[in-house]
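S.K.: compute the structure for the input listed below.
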Amino acid sequence: MPTTHEVASELRKLADSLTDQPETETDSAFVMFSQHSRQSFVIVSKALPKPAEIYMERGTLRKRYRSDAITIINSISQELICEMIEPAKPAVYRPFEEEAEVLS
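M.R.: Prediction:
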């Protein structure tokens with residue numbers, strides 16, 4: 001796996017190359033980090049520009065920074081960064097009172 005400095009060096013090369021191009025409008029950029037350790041997730045999360053939002057999506061914890069020019073997402077499986085407090089329980093449904101008569 002690359003180090004944070006190696007990733008930064010590669011991003012710097014891209015930034016320098018873009019800066020050397022004639023200035024023109026372009027679509028916004030998207031950068032995604034997919035972490036496999038808590039330490040990596042924390043380090044990259046701290047490095048994201050502010051403000052950044054944290055949210056859960058399909059079992060993955062994500063921290064996202066968005067601007068008009070770039071979206072950067074740092075993600076990790078929730079099982080690697082969160083502890084389970086209570087297992088999920090199956091939903092229990094009952095019909096509304098009005099529909100209960102029709103359904104019986």
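S.K.: and the helices in this structure?
M.R.: 4-20, 38-47, 78-81, 97-103 (DSSP state H).
S.K.: how about these, which one is nearest residue 67?
M.R.: Shortest separation from residue 67 across the helices of the chain is recorded for helix 4-20, at 14.3 Å, computed as Cβ to Cβ. Placement of C-beta: from N, CA and C, glycine included.
S.K.: quick revisit: any chance of the helices of the chain in TSV, plus distance to residue 91?
M.R.: Below are the helices of the chain laid out as TSV (distance: least, Cβ to Cβ, whole Å):
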stretch	distance to residue 91
helix 4-20	42
helix 38-47	31
helix 78-81	20
helix 97-103	17
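S.K.: out of those, nearest to residue 68?
M.R.: Comparing the helices of the chain by their distance to residue 68 (Cβ to Cβ), the top pick is helix 4-20, with 15.2 Å.
S.K.: so which elements touch the closest one?
M.R.: Helix 4-20 makes packing contacts with helix 38-47 when contacts are defined by 3 or more Cβ pairs under 8 Å, 6 or more residues apart in numbering; DSSP states H and E.
S.K.: relative orientation of the helix it packs on and helix 4-20 in degrees?
M.R.: Following axes from the mean of the first three to the mean of the last three Cα atoms, to 10 degrees, one obtains 40 degrees for the angle between helix 38-47 and helix 4-20.
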